[in-house]
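Trainee: Let me see the structure of the following:
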Amino acid sequence: MPQRIALFGGSFNPPGLHHRVIAQRLAREFDEVRVIPCGPRPDKPVTDSIPPVYRATLADLTFGDLPRVTVDLFDLEQATFTRNWDLQKRYESLGEVWHVVGGDLVSGGALGKSLIQRTWAHGPELWQSAHFAILTRPGYTIDRADLPPQSHVIVLEEPGSSTLIRDHLVHGQNVAHFLAPRAHEYIQRYGLYRAPNPSSWARQSLSGQSYAIQADNHNAKAQGWLAEIGPGTEDKPDFITVLGGDGAMLRCIRERWRERRPFFGINAGHLGFLMNAPEQAFSSSFPPADVILRQLPMLYLEVEDRQGRVQEAYGFNDAWLERSTSQSSWLQVWVNGVERIPKLISDGALVATAAGSTAYARSMGASPLLADTPAWLLVGSNVMEPSQWRSALLSVDTTVELRNLSPEHRPVEAFVDGLSLGEVVSFRARISRAACAEVAFCASHDMAEKIAAIQFHRPQVG
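Mentor: Below is the predicted model:
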């Protein structure tokens, strides 16, 4: 018997407890539930009321811990609104697909006048061939004659409305009883739905909160701190403590960013730009009482190999192409669909977020950026031609594509945060619309001072 998969799509702007209850009920009725927050919708301009990365985070915070429930972020990442016909094609190889819809969408079905039949792409065909899980709302009665041929009615008594939640937030009213606790905390932290532009940082206390610990196994200093702050917990921690250097932080972010928990790093490495100095972290009781949380963007990458296979990846610091042989690479550089450098002859090229600009980008000659700068970098490595070009500052809505002009004779390999993606013929990068990481710093930690120390070559402690 094929696995039954319920597709639960919607704006989820924001997702409320009523959405969570629906997902839990669906998980009892089906083998798997896929929650699919949609991208921009022409019929619902309010879908874009906050940037998509906040909506993606709220979806993970609301549904991410539910058994048999998976949050799929492809529509938010690609800024698309995938129609049910295309969702059917996307998921049907995994099992028997069930489309979750409200009872109002099937009203008039007996006469061929339901919204599904009249307004959906391939609506009449879907009506006859697809499976529908139909949710009833409190006080709403469904005429059995209106049901599609393959349907299952689920009676719900949980009221709720994203519109109501947004309205309460705009007017400063309490919404804690409408939201999952972690989603409510996140909305409060960044002032979502209350101002035109959400904040990207917040000040708060970690004192008394639970934390997981991830320590660099090859760093003796980090291992020595375990006895001082351990043991931590993996049972729904409030944040994640990372012991080590920037490399340890990058590994932890790569492995755990979908948990949507803040990362608090303690530097047992060298510069430790993403970390807190141990004398600050341990200056009083741990966890610290005064920290600044910064929501920092991540990179979204699509790389294509010689066989035409496309691989997606996320990175926090940087991603790059480098030559695989002794010969220089020949790359074509496109920015937002416009050819900017017809032939870049170099050892390779790198893109870096603002947070990652202090790493390889700096060693390649680019000026580092403050971590919350709304920009990112494209940097050439040992550029021979064009002789005067070294780097470019990019806006956050920019897409960069690097194409290998000679993949057979001058192969290049792609990397993201130091992890190899193999040899590729093209490399597309932009700031992700769905992925981010919250990094916590002691309030006394001065990121600007670290940048100044790098730029003016002054010795810097911590």
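
Trainee: Make sure I have this right: residue 19 is in a strand.
Mentor: No: under the criterion used here (DSSP: H, G, I helix; E, B strand; the rest coil), residue 19 is helix, not part of a strand.

Trainee: Please name the residues that touch it.
Mentor: Residue 19 sits next to 10, 12, 62, 63, 160 when contact means Cβ atoms under 8 Å, 6 or more residues apart in numbering. No exception for glycine: its C-beta is placed from N, CA and C like everyone else's.

Trainee: Same question for residue 368.
Mentor: 357, 358, 361, 362, 451, 454, 455.

Trainee: quick one on the thing from earlier: include pLDDT and distance to residue 440 when you put the contacts of residue 19 into CSV, please.
Mentor: Below are the contacts of residue 19 laid out as CSV (pLDDT from 0 to 100; distance: Cβ to Cβ, whole Å):
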residue, pLDDT, distance to residue 440
10, 97, 31
12, 98, 26
62, 99, 22
63, 99, 24
160, 90, 32
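
Trainee: can you tell me which two in the residues you listed are farthest apart?
Mentor: The largest distance within the contacts of residue 19, taken as Cβ to Cβ, falls between 63 and 160 and amounts to 14.3 Å.

Trainee: ok, those two, which is more surrounded?
Mentor: Neighbour totals were compared for residue 63 and residue 160, and residue 63 leads with 25 against 19 (other Cβ atoms under 10 Å).

Trainee: which phi and psi does that one have?
Mentor: Main-chain dihedrals, residue 63, degrees, to the nearest 10: phi -110, psi -10.

Trainee: In space, what's closest to residue 166 - neighbours in sequence excluded?
Mentor: Computed as Cβ to Cβ, 6 or more residues apart in numbering, the closest residue to residue 166 that is not its neighbour in sequence is residue 193, at 5.1 Å.

Trainee: State the number of residues packed around the closest residue to residue 112 other than its chain neighbours.
Mentor: Nearest residue to residue 112, sequence neighbours excluded (Cβ to Cβ, 6+ apart): residue 124, at 7.5 Å. For residue 124, the count of nearby residues is 13 (other Cβ under 10 Å).

Trainee: next one: residue 14
Mentor: So residue 14, with other Cβ under 10 Å, has 28 neighbours.

Trainee: Quick one: the helices in the stretch 151-300 of the chain, in order.
Mentor: 162-170, 181-190, 220-229, 246-256, 278-281 (DSSP state H, counting those that start in this stretch).

Trainee: Of the ones you listed, which stretch is the most buried?
Mentor: helix 246-256 (a mean of 21; mean count of other Cβ atoms under 10 Å).

Trainee: got the contact list for stretch 93-100?
Mentor: By Cβ under 8 Å, 6+ apart, stretch 93-100 touches 2-9, 22, 26, 30-32, 84, 87-88, 91, 126, 130-133, 135, 152.

Trainee: try 7 Å
Mentor: Outside stretch 93-100, the residues within contact range by Cβ atoms under 7 Å, 6 or more residues apart in numbering are 2-8, 26, 30-31, 84, 88, 91, 130-133, 135.

Trainee: gap between it and the chain center?
Mentor: 25 Å (Cα atoms, centre = their mean, to the nearest Å).

Trainee: Return the distance of the helix or strand harbouring residue 352 from the chain's centre.
Mentor: Using DSSP states H and E, the element containing residue 352 is strand 348-353. Distance of strand 348-353 from the chain centroid (Cα atoms, centre = their mean) equals 20 Å.

Trainee: Please enumerate residues in contact with that strand?
Mentor: Under Cβ under 7 Å, 6+ apart, the answer for strand 348-353 is 297, 299, 316-323, 329, 331, 360-361, 364, 376-381, 400, 402, 412, 429.

Trainee: Past that strand, which element shows up next along the chain?
Mentor: Counting by DSSP H and E, the next helix or strand C-terminal to strand 348-353 is helix 360-363.

Trainee: For my notes, confirm residue 437 occurs in a strand.
Mentor: Yes: per three-state DSSP, residue 437 lies within a strand segment.

Trainee: and it, how many residues sit next to it?
Mentor: Neighbours of residue 437 (other Cβ under 10 Å): 24.

Trainee: distance of the residue lying closest to residue 257 once chain neighbours are set aside from residue 171?
Mentor: In this structure, residue 257 finds its nearest non-sequential neighbour in residue 437, 5.2 Å apart by Cβ to Cβ, 6+ apart. Using Cβ to Cβ, to the nearest Å, residue 437 is found at 32 Å from residue 171.
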